[in-house]
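Q: I would like to see how this sequence folds:
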Amino acid sequence: MQSFRTELENPIVERDIIELEQKIRLFREGKMTDEKFRSLRLARGIYGQRQQGVQMVRIKLPYGKMTLEQWKRIADISDEYSTGNLHLTTRQDIQLHFVSLDRTPQLWTQLDLDELTIREACGNTVRNITASDQAGIDPEEPFDITPYADAAFRYFLRNPICQDMGRKFKMAFSSSEKDTALTFMHDIGVIPKIRIVDGKEVRGFKVMVGGGLGAQPYLAKTGFEFLEADQLIPYIETVLRVFDRYGERSSRHKARMKFLIQKIGMEEFVRLVKEEHKAIKSKTFVVDHEAWPAPVLPEDGFVAPAFTIKDQKGFEAWKKTNTFEQKQKGYFGAYIRVPLGDIKSHTSRWLIEKLRPVIANDTRVTVNQGLLLKFIREENLPYIFSLLEEAGFSAPGFDSVADITSCPGTDTCNLAISSSTGISAALENVIHEEFPDLIYNNDIKIKISGCMNSCGQHGLAHIGFHGSSMKAGGKVLPALQVLLGGGVLRDGEGRVSDKVLKVPSRRGPDVLRTLLHDYETNAQEKELFNDYYDRNGEKYFYELLKPLADLTKVTDSDFIDWGQAEGFSTAIGVGECAGVMIDLIATLLFEAEEKLDWSMQSLANNAWADSIYQSYASLIQTAKCILLDENVNCNTQHGIMNDFDKHFVETGKFKIPAETFRSLVLQINQHEPTESFAKQYYQQAKNFFDQAQQYRTERQTASANA
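A: So this is what the prediction gives:
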């Protein structure tokens, strides 16, 4: 691996990239464990693929926003470092696949030239903050939530409180009560509200907490019906501190915040959150929304070059289903359906060049893997359609039954069980060929994931599928779990879909045909799909689909997954090469010392709150090391404090300048983040680390002499 140095203007990003290059080198040399390196690279948006030796790189686009320059930059980088494809995700990111690990620092450097980042796009961090794509132009919005989503993104990026949590943390900002950002399925979701106080309009948010999909979906609970806007970021900070300290860390499947709230109860969760308020960096955080820059609009008077619309009926359908009038009079938004979320880099560059004169310099990636173009004059819609038609992206029916959401599945993902992209294309064909009028139906949503983890959001679909497997005649075949009845309601409320039954994957199109035919035949006039589902009940649909689950009549094709030529196997892909065995405790102690170094740097920068949290992290990490050295495993930071007192303080093995280790550590939420406390707390953490190193050295010496 060649040595690499950046030439960036931003010293913070430069330090990040140099650190990544150094960690890759340590991993390659066997000086860092595979587990620890995985944690580090995930927090930098680098994810192992199913294919050995290559990575998926996730580019973090806060609230899905991309300038045209950023879009072109990503396209160029995909050509140089990836496959020339851009994959749009349900969290409004863009992913590049088949990237060499050793080239990721250079890739990141190229991204930063247009202020793009991969930092904290994966891993146990605050993931990309998503938002309604119509934010700022939504005719129903009380106010534009974009400045607030942007402020939250910047506040928590690289924030010490959320760099190494027990699990990921997701946030969403909806633009109105339509809740198009799906707040009910997030750790924190917010919906804008306005109240009149003393005759003045006061901005605030309805706040939802503790939602999530995955294998065990939970609907979020209401944290506040109305939280004033300047209290939103402080509240999120207190929630993150509680999640970091009390969240599960051993059992990955129980480590999301929804499980913490379920375990301790909402009342105790609220109490712990309030307890953190004294110690947070910002007691209020005012977002200067009036200073938010106006969008860069296309120039008036554009005269389109000669163009031809090949399918006039297609244009009328596209205009009806893919465009809408913005709240800004005289302007329209236009959606682009992007099948499977995949768009080529050369197509992107061509569209950017042609679209630039007629759209705002602010495109949005949507939560259903499409694109939104903004601030279009109505007279330019035909020209835009002609461009999309030439590029192969003029399909009508955006966000309709025909617009199926799908994760990459077994194409690249290590966790996928069966294909999601192949079956998605097959289902779309069923709709286009047999139910063409459903491009006008925006009620029913179809979503597909390659496994139960719900990256394709099948858990909130009206008709959902996730990859699975079944056995027939002693052989394993690819299967789909069918789910029905999920969806978005309004104002932070939603429905989780019911698992109905499992069928061989090859019968997925027949499942869809059966459901849609039955709905067309038996639904009451203007009856929505979920009302129809509720009226008949889950058992009715189980009996309706049961013949398709029959395994007594399987054929050879049932054992071959969509898009594959060979027989099905449930074996997951191979990850990165394993590191050699090293002294794990020494590595963890090294990281505890690294956190102390960060704390000292924060002190030098007068960042008292950051220094305090980094000292806290060092105290916890150091105690964990000593406990592990005694074969004591802990699953929460809260548990580490209790176990260290039990095994070391109460037994007299460790002397500390406090009655208990717990009371020493929890000074963090009993003091304002002042300079004097930051310096005192750093010194206590440093002394504790030095004592731990001495303890371990003496223990190793005694063991060697025994």
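Q: counting contacts, what elements does the strand or helix carrying residue 38 pack onto?
A: According to DSSP states H and E, residue 38 maps onto helix 34-42. With contacts defined as 3 or more CB pairs under 8 Å, 6 or more residues apart in numbering; DSSP states H and E, helix 34-42 has these neighbours: helix 11-28. C-beta: built from backbone N, CA, C; applies to glycine.
Q: the helix it packs on to helix 34-42, inter-axis angle?
A: Interaxial angle of helix 11-28 relative to helix 34-42 (axes from the mean of the first three to the mean of the last three CA atoms, to 10 degrees): 150 degrees.
Q: quick one: contacts for residue 563?
A: Contact analysis of residue 563 by CB atoms under 8 Å, 6 or more residues apart in numbering lists 411, 419, 421, 422.
Q: CSV for those, including secondary structure and distance to residue 73?
A: Listed next are those as CSV, based on DSSP: H, G, I helix; E, B strand; the rest coil; distance: CB to CB, whole Å:
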residue, secondary structure, distance to residue 73
411, helix, 25
419, coil, 31
421, helix, 26
422, helix, 31
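Q: re earlier: gap between the helix or strand following the helix holding residue 38 and the chain center?
A: Once the chain leaves helix 34-42, the next helix or strand it forms, by DSSP H and E, is strand 46-48. How far strand 46-48 lies from its chain's middle: 14 Å, per CA atoms, centre = their mean, to the nearest Å.
Q: tally of neighbours for the closest residue to residue 215 other than its chain neighbours?
A: Excluding the flanking residues, the one nearest residue 215 by CB to CB, 6 or more residues apart in numbering is residue 452, at 4.3 Å. Neighbour count of residue 452, defined by other CB atoms under 10 Å: 18.
Q: repeat for residue 103
A: Using other CB under 10 Å, residue 103 has 18 neighbouring residues.
Q: please apply the same query to the one 3 residues further on.
A: Counted with other CB under 10 Å, the burial measure for residue 106 works out to 18 neighbours.
Q: hmm, who's touching the strand or helix carrying it?
A: Assigned by DSSP H and E, residue 106 falls within helix 104-112. Residues outside helix 104-112 that contact it (CB under 8 Å, 6+ apart) are 4, 6-8, 10, 13, 16-18, 20-21, 24, 41, 44, 46, 55, 57, 59, 73-74, 76-77, 80-81, 96, 99, 117-118.
Q: likewise for stretch 535-544?
A: With contact meaning CB under 8 Å, 6+ apart, stretch 535-544 is reached by 484, 485, 498, 500, 501, 514, 515, 518, 524, 527, 533.
Q: who does the fifth one form a beta bridge with?
A: Taking DSSP bridges as the rule, residue 501 bridges to residue 482.
Q: ok, it to residue 450 distance?
A: As judged by CB to CB, to the nearest Å, residue 501 and residue 450 stand 19 Å apart.
Q: between the two, which is the more surrounded one?
A: Using other CB under 10 Å, the more surrounded residue of residue 501 and residue 450 is residue 450, with 28 against 19.
Q: show me how to select, in PyMOL, the buried members of the contacts of stretch 535-544.
A: In PyMOL syntax, the buried subset of these is picked out as below (16 or more other CB atoms under 10 Å):
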select buried, resi 484+485+498+500+501+514+515+518+533
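Q: closest to residue 176 among the contacts of stretch 535-544?
A: Relative to residue 176, the closest of these is residue 485; by CB to CB it sits at 24.2 Å.
Q: who's in contact with the closest one?
A: In this structure, residue 485 makes contact with 462, 495, 497, 498, 530, 533, 534, 538, judged by CB under 8 Å, 6+ apart.
Q: quick one: which of those sit in helices?
A: Under the assignment DSSP state H, the contacts of residue 485 contribute 530, 533, 534, 538 to helices.
Q: most surrounded residue in these?
A: Result: residue 533 is most packed of those (other CB under 10 Å), 26 neighbours.
Q: which one is that residue nearest to, not counting chain neighbours?
A: Using CB to CB, 6+ apart, the nearest residue to residue 533 is residue 485, at 4.6 Å.
Q: next up, phi/psi of that neighbour, please.
A: The phi/psi pair for residue 485 (degrees, to the nearest 10) reads phi 90, psi 10.
Q: thinking again about what came up before, which residues does the residue nearest to residue 215 contact?
A: Per CB under 8 Å, 6+ apart, neighbours of residue 452: 214, 215, 466, 468, 481.
Q: the second one - how many residues pack around it?
A: Look at residue 215: counted by other CB under 10 Å, it has 11 neighbours.
Q: so what's it up against?
A: Going by CB under 8 Å, 6+ apart, residue 215 touches 253, 452, 453, 454.
Q: could you do the last one as well?
A: By CB under 8 Å, 6+ apart, the contact set of residue 481 is 452, 465, 466, 467, 468, 499, 501, 502.
Q: distance of it relative to residue 674?
A: Going from residue 481 to residue 674 by CB to CB gives 54 Å.
Q: again, but for residue 138
A: Distance, residue 138 to residue 674, by CB to CB: 42 Å.
Q: out of those two, which sits in the busier spot?
A: Per other CB under 10 Å, whichever of residue 138 and residue 674 has more neighbours is residue 138, with 22 against 12.
Q: if anything else comes up later, I'll come back, but that's it for now.
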